[in-house]
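A.B. asks: structure for this input, please:
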Amino acid sequence: MNIQFKKGVLELCVLSVLSRKDCYGYELVSDISRHINISEGTIYPLLKRLKDDGLFTTYLQESSEGPPRKYYAISDRGRAYKEELAGEWRDFSAKVNHIIDGTDAGEKGMTPS
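C.D. replies: Now for the predicted structure:
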């Protein structure tokens, strides 16, 4: 998959997974990697930035398999931002699909941006 596609949508993917459940870093990478091939090195800088932006919090939880794990939990602000991004994504992807499919966006009640 084109790396620019992944970069553009990864923030929304992270927020979407975290809106369903709290995750630790490796678990988050594993969940997203089932659909989009990503690496831990890609996720951790993004997690730091999103945490610094107040979109989620972290907490430590004991693990039976080693040291405590840092879990990420979405905040109310993060949930609102995720909904905003999801709406923008749906609108954008629908318009791109119209271009790809060769249909007139106006026929579907869509207005050009």
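A.B. asks: could you use CA atoms for every contact and neighbour count after this?
C.D. replies: Fine.
A.B. asks: doesn't residue 73 belong to a helix?
C.D. replies: No - read with DSSP: H, G, I helix; E, B strand; the rest coil, residue 73 is strand and lies in no helix.
A.B. asks: would you say residue 8 is within a helix?
C.D. replies: Yes - judged by three-state DSSP, residue 8 forms part of a helix.
A.B. asks: now the most centrally placed residue in the chain: closest residue in space, sequence neighbours ignored.
C.D. replies: In the chain, the centroid-proximal residue (CA atoms, centre = their mean) is residue 13; its distance is 2.0 Å. Among residues not flanking residue 13 along the chain, residue 32 sits closest, at 7.1 Å (CA to CA, 6 or more residues apart in numbering).
A.B. asks: was I right to think that neighbour contacts residue 39?
C.D. replies: No - using CA atoms under 8 Å, residue 32 is not in contact with residue 39; the gap is 9.7 Å.
A.B. asks: what helix or strand is the residue nearest to residue 13 on?
C.D. replies: Taking DSSP states H and E as the criterion, residue 32 maps to helix 25-33.
A.B. asks: tell me which residues of that helix are tucked away?
C.D. replies: Neighbour counts over helix 25-33 (16 or more other CA atoms under 10 Å) mark 25, 28-29, 32 as buried.
A.B. asks: in the protein, where is pLDDT below threshold?
C.D. replies: Scanning the chain for pLDDT under 70 picks out 1, 105-113.
A.B. asks: hang on, isn't the residue nearest to the centre of the chain packed against residue 33?
C.D. replies: No - contact between residue 13 and residue 33 fails when scored by CA under 8 Å: they sit 10.5 Å apart.
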